[in-house]
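Enquirer: got a sequence here, can you build the structure:
(one chain, ligands or ions: 2)
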Amino acid sequence: MIYPTAHPLKPARTDVLVTTSWLAPIVWEGTFDPDILDAQFRNTTIGLTVFAIKKYVVFLKLFLETAEQFFMVGHQVNYYVFTNRPADVPDVPLGRGRRVVVLQVRSYRRWQDVSLRRMEVISSFAERRFLQEVDYLVCADVDMKFSDRVGAEVLSPLFGTLHPGFYTAGRQAFTYERRSASQAYIPPDEGDFYYTGSFFGGSVSEVHRLTKACHQAMMVDLAHGIEAVWQDESHLNRYLLYHKPAKVLSPEYMWDEHMLGRPPVLRKMRYMAVPKNHQAIRNP
Ligand SMILES: CC(=O)N[C@H]1[C@@H](OP(=O)(O)OP(=O)(O)OC[C@H]2O[C@@H](n3ccc(=O)[nH]c3=O)[C@H](O)[C@@H]2O)O[C@H](CO)[C@H](O)[C@@H]1O
Ligand SMILES: [Mn+2]
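Expert: Ligands and ions are numbered 1, 2, ... in the order given. Next up, the predicted model:
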């Protein structure tokens, strides 16, 4: 393979932080060579979990079509679509080595419960089948589209993604759970980043540990009559504070153009929010 050599005195990017204080890479365009990474992760199978409960089935078509164009192209991919409406899962033409697995699950009345119960479902399916079927899991929101490469550069034992609304903010502005009665509590003087609940992943065993721990913490909260301010996202943030991720994805991997425009620091927009009417889509 032929590629330009890196120079120790020439940083790939000087306008953004490219490593965390625990020396995990922060993945930005310009900091990696896609060809080297694709070769390194050859023969890897990736599971992409996505929930489409109730009206959210309408997002599946664009999600899957754009994933076919941009998500782990050249690798083996299993899409795990969790839904209570299997008949509404669209037929999307798939490339070689890629398949859709439809898994029927129950729905919940409140959107908060739909969102937070994802942790329980992922942890239980991780044990039951993902461990046997894939090497890595990527857990994603469905109200999104892929619009540029999301590839092997994200793969690591455990990764989280910087929430696009908070990557310029300081710790005190992060919307962590601040009530000490909750298992998601983060004290005011702690915290690295604010991670989005919409995109995280890692090896199957690490994602299993994460989702199981978050689900158990949410059940303790439930027994105490408390729900974390941002549900599963709050618990994910607490987990990643005390289990530092091996890679951190830049907001290129979770962007909202309608809310945040196109700042120059963002050379690529890879995975983007599809605008939605919250009231209309979340309620029956
Ligand atoms: C900008 C903002 O406020 N973002 C928060 C909001 O994200 P979002 O507004 O992105 O949440 P969302 O409505 O996308 O729900 C999360 C995911 O749950 C699934 N789903 C949800 C409802 C439903 O009826 N059917 C269904 O399938 C679906 O995969 C969806 O993508 O809420 C999340 C869950 O707490 C996080 O806290 C986010 O930070
Ligand atoms: Mn979403």
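Enquirer: in this protein, which residue sits nearest ligand 2?
Expert: Here the chain gets closest to ligand 2 at one residue, Asp141, 3.6 Å apart by CB to the ion. Every residue, glycine included, has its C-beta placed from N, CA and C.
Enquirer: and that residue, how many residues sit next to it?
Expert: Burial of Asp141, expressed as a neighbour count using other CB atoms under 10 Å, amounts to 20.
Enquirer: same check, this time on the one 3 residues further on
Expert: Taking other CB under 10 Å as the criterion, the count of residues near Met144 is 22.
Enquirer: just the helices in the stretch 1-150 of the chain please.
Expert: Listed in chain order, the helices of the stretch 1-150 of the chain (DSSP state H, counting those that start in this stretch) span residues 34-40, 60-70, 111-116, 118-125, 131-133.
Enquirer: show the contacting residues for Gly202.
Expert: When the contact criterion is CB atoms under 8 Å, 6 or more residues apart in numbering, the partners of Gly202 are Tyr136, Leu137, Ser156, Pro157, Leu158, Phe159, Leu210, Pro245, Ala246.
Enquirer: same question for Lys244.
Expert: When the contact criterion is CB under 8 Å, 6+ apart, the partners of Lys244 are Thr20, Trp22, Ala24, Asp192.
Enquirer: what's the closest of the residues you listed to Phe146?
Expert: Phe146 has its nearest neighbour among the contacts of Lys244 in Ala24, at 23.4 Å by CB to CB.
Enquirer: and the contacts of Lys244, which is closest to ligand 1?
Expert: Distances from ligand 1 to the contacts of Lys244, taken as CB to the nearest ligand atom, are shortest for Asp192 (17.0 Å).
Enquirer: give me the element Arg179 is part of.
Expert: Remark: Arg179 resides in no helix or strand, with elements defined by DSSP states H and E.
Enquirer: bridged to the closest residue in space to it that isn't next to it in sequence, which residues?
Expert: Nearest non-adjacent residue to Arg179, counting by CB to CB, 6 or more residues apart in numbering: Tyr185, 6.4 Å away. Under DSSP bridges, the beta-bridge partners of Tyr185 are Glu177.
Enquirer: just to check, Tyr185 is in contact with His235?
Expert: No: look at Tyr185 against His235 with CB atoms under 8 Å: they stay out of range, at 10.3 Å.
Enquirer: those two: who's more crowded?
Expert: It is His235, of Tyr185 and His235, that has more neighbours when counted by other CB under 10 Å, with 27 against 18.
Enquirer: what's the helix or strand for the more buried one?
Expert: With secondary structure defined by DSSP H and E, His235 is part of helix 231-242.
Enquirer: what about that helix, near ligand 1?
Expert: Yes: looking at helix 231-242 against ligand 1 by CB under 6 Å from any ligand atom, the contacts come from Gln231, Asp232, Glu233.
Enquirer: what residues sit buried inside the longest helix along the chain?
Expert: When every helix of the chain is counted residue by residue (DSSP state H), the longest turns out to be helix 204-223. Buried positions in helix 204-223, judged by neighbour count with 16 or more other CB atoms under 10 Å: 204, 206-215, 217-218, 221.
Enquirer: filtering the residues you listed by proximity to ligand 1, which remain?
Expert: Restricting the buried residues of helix 204-223 to contacts with ligand 1 (CB under 6 Å from any ligand atom) yields no residues.
Enquirer: output the residues you listed in TSV; the columns should cover pLDDT and distance to Pro164.
Expert: Below are the buried residues of helix 204-223 laid out as TSV (pLDDT from 0 to 100; distance: CB to CB, whole Å):
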residue	pLDDT	distance to Pro164
Val204	98	27
Glu206	98	24
Val207	98	22
His208	98	27
Arg209	98	26
Leu210	98	21
Thr211	98	23
Lys212	98	27
Ala213	98	25
Cys214	98	21
His215	98	26
Ala217	98	25
Met218	98	24
Asp221	98	26
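Enquirer: tell me which of those is nearest to Leu62?
Expert: Among these, and counting by CB to CB, the member closest to Leu62 is Val207, at 24.7 Å.
Enquirer: what are the bridge partners for the closest residue in space to the closest one that isn't next to it in sequence, then?
Expert: The shortest distance from Val207 to any residue other than its chain neighbours is 4.4 Å, reached at Leu137 (CB to CB, 6+ apart). Here Leu137 sits in beta bridges with Gly47, Gly202, going by DSSP bridges.
Enquirer: so Leu137 touches Phe130, yeah?
Expert: Yes: under the contact definition of CB under 8 Å, Leu137 touches Phe130, with a separation of 6.0 Å.
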